[in-house]
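Asks: Sequence and predicted structure below; questions after.
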Amino acid sequence: IEVVAAHGAFVNVHTHACRQPVAGAVLTAEPERERIGVVLHRIDRVDAQLLAHQLTAFFGQSHAVGGAGVGVAAVADDRLCAAVRDIFACDKNRRTLYKVLRVNACNADGEKKAWRMCEIAGEALGIDPHDVIVASTGVIGQILPIAPIENAAPALAALLNENGSNMAAKAIMTTDTIEKECAVKITLGDKEVRIGGISKGSGMIHPNMATMLCFVTTDCAISVPMLQKAIKAAADTTFNMISVDGDTSTNDTLAIMANGEAENEEITEENEAYKTFLEALTAVCRKLSMMMAGDGEGATKLLICKTTGAKDWETAKTVAKSVICSSLLKAAMFGEDANWGRVLCAIGYAGADIDINKVDVSFKSAYGQVDVCVNGAGINFSEEEAAKVLHEKEITILVELNSGDAEAEAFGCDLTYDYVKINGDYRT
């Protein structure tokens, strides 16, 4: 897998993936001068069923209160739970993505304004409003000002270009401090295939998914069932393994779109081409997940818990999530304190079937590695060396269960004073 774009590289990850136009802008709503990020993204030649299938898999997993819109959807799926409140629709020849950073949840006029956003995008691009997807995050219960979006849509449509992905990545930021984008390329047969994505997410982040938006594009030729299978598998080991603060969201969206322009032999089964595609897709999702976790509100460190030696993946996943979600462990990492007891404590209440007397724990970073626990008991180690290991910006917590071959990893961040400052007056 060759990385062709990452954060800081001013390239269009969606151009790398699908060679399609994107535009983004930050608007200001008067009189409050509220910041609203808006993005238009046009993807042509996408399978008519594709996006509906993807959104049914990745909306509404985590909350019974949601943003507005499912009643407006032209292809609303009966399988969606009540939490699904975003608009989505499909069209054989056109695909346009339009998103606004205001959650539009718990508002009496939420569905009306969600549909109006579809109409605005449709009018600006000369397409059917049923071919528009709306995805939102923001403050719950705050009325969405529609006028800035109406006024800016024509100019935004005029900005659509093949180098607009970085604009889009910036426009969807809320409390994010960095834009999040990544793209890779692989070879399938004799064809070069690209996968690119942008995402946002910083606070109210917790599996399953979070207050996050993520949009992935690829030029791979792949059937709807296989693409659905791939994005589900990738999300389960990446986006659904993030936790910043333990709070799930009313709004989260992961969408993937494929246009087939790579002209590789279409992937219709779980063959070697599918495995290669899944590996590359997972790499993109993992990178974006790590960027979101490391950019958690107030965070100073990215935390990765890697659990190995589990009897099965479910056990490894449960342990890794429990460790990464521990507020005490997160605070210890902020203080650069190798308090390994907090790791064992999180493992103990995880509810997983493990033998604590077999558990080993280590802390690892670019500086080095320090072993702190063997067979469920503490061992002698240098606190000075441990502090140097934990001083780095990326810390891996290694948990060896010594009970099998399965492994999993979860992503999080430290808990800092600034997290409280950000959320103490987030609305006011």
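Replies: Ah, there it is. Numbers count the residues shown, from 1 in each chain.
Asks: on contacts alone, who are the packing partners of the lengthiest helix in the chain?
Replies: Criterion DSSP state H: the longest helix present in the chain is helix 272-294. Applying 3 or more C-beta pairs under 8 Å, 6 or more residues apart in numbering; DSSP states H and E, one finds that helix 272-294 contacts strand 180-188, strand 191-200, strand 213-218, helix 224-237, strand 302-310, strand 406-413. C-beta here means a position set from N, CA and C on the backbone, and glycine is covered the same way.
Asks: so can I have CSV of the ones you listed showing mean pLDDT?
Replies: Compiled in CSV, those are given as follows (pLDDT from 0 to 100):
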stretch, mean pLDDT
strand 180-188, 94
strand 191-200, 93
strand 213-218, 88
helix 224-237, 92
strand 302-310, 97
strand 406-413, 95
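Asks: what about those, which gets the closest to residue 279?
Replies: strand 180-188 (8.0 Å; C-beta to C-beta).
Asks: In that closest one, which residues are buried?
Replies: By neighbour count with 16 or more other C-beta atoms under 10 Å, strand 180-188 contains the buried residues 180-186, 188.
Asks: Over to stretch 388-399?
Replies: 389-390, 392, 395-399.
Asks: Show me what the nearest residue to residue 361 once chain neighbours are set aside bridges to in the sheet.
Replies: Nearest non-adjacent residue to residue 361, counting by C-beta to C-beta, 6 or more residues apart in numbering: residue 373, 3.9 Å away. As for beta bridges, residue 373 partners with residue 361, residue 378 under DSSP bridges.
Asks: and residue 373, how many residues sit next to it?
Replies: For residue 373, the neighbour count with other C-beta atoms under 10 Å is 20.
Asks: Just confirm residue 354 is within a helix.
Replies: No: applying DSSP: H, G, I helix; E, B strand; the rest coil, one finds residue 354 to be coil, outside a helix.
Asks: Would you mind measuring from the nearest residue to it once chain neighbours are set aside to residue 326?
Replies: Closest residue in space to residue 354, ignoring its immediate chain neighbours: residue 401 at 5.5 Å, by C-beta to C-beta, 6+ apart. According to C-beta to C-beta, to the nearest Å, residue 401 stands 17 Å off from residue 326.
Asks: Neighbour count: these two, which is higher?
Replies: Using other C-beta under 10 Å as the criterion, residue 401 and residue 326 rank with residue 326 on top: 26 against 23.
Asks: Quick check: phi and psi at the more buried one.
Replies: Backbone torsions of residue 326, given as degrees, to the nearest 10, read phi -70, psi 120.
Asks: Residue 157 now?
Replies: According to degrees, to the nearest 10, the main-chain angles of residue 157 amount to phi -60, psi -40.
Asks: what's around it, how many residues?
Replies: Residue 157 has 20 neighbours, counted by other C-beta under 10 Å.
Asks: right, and it touches residue 125 too?
Replies: Yes: assessed by C-beta atoms under 8 Å, residue 157 is found in contact with residue 125 at 5.5 Å.
Asks: before we move on, back to that, buried set for the longest helix of the chain?
Replies: Within helix 272-294, the residues scored as buried using 16+ other C-beta under 10 Å are 273-274, 276-278, 280-294.
Asks: for stretch 186-198, same thing?
Replies: Buried-residue list, stretch 186-198, by 16+ other C-beta under 10 Å: 186, 188, 193-198.
Asks: Dump the residues you listed to JSON lines, plus distance to residue 139.
Replies: Output for the buried residues of stretch 186-198, formatted as JSON lines (distance: C-beta to C-beta, whole Å):
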{"residue": "186", "distance to residue 139": "40"}
{"residue": "188", "distance to residue 139": "43"}
{"residue": "193", "distance to residue 139": "39"}
{"residue": "194", "distance to residue 139": "36"}
{"residue": "195", "distance to residue 139": "32"}
{"residue": "196", "distance to residue 139": "29"}
{"residue": "197", "distance to residue 139": "25"}
{"residue": "198", "distance to residue 139": "22"}
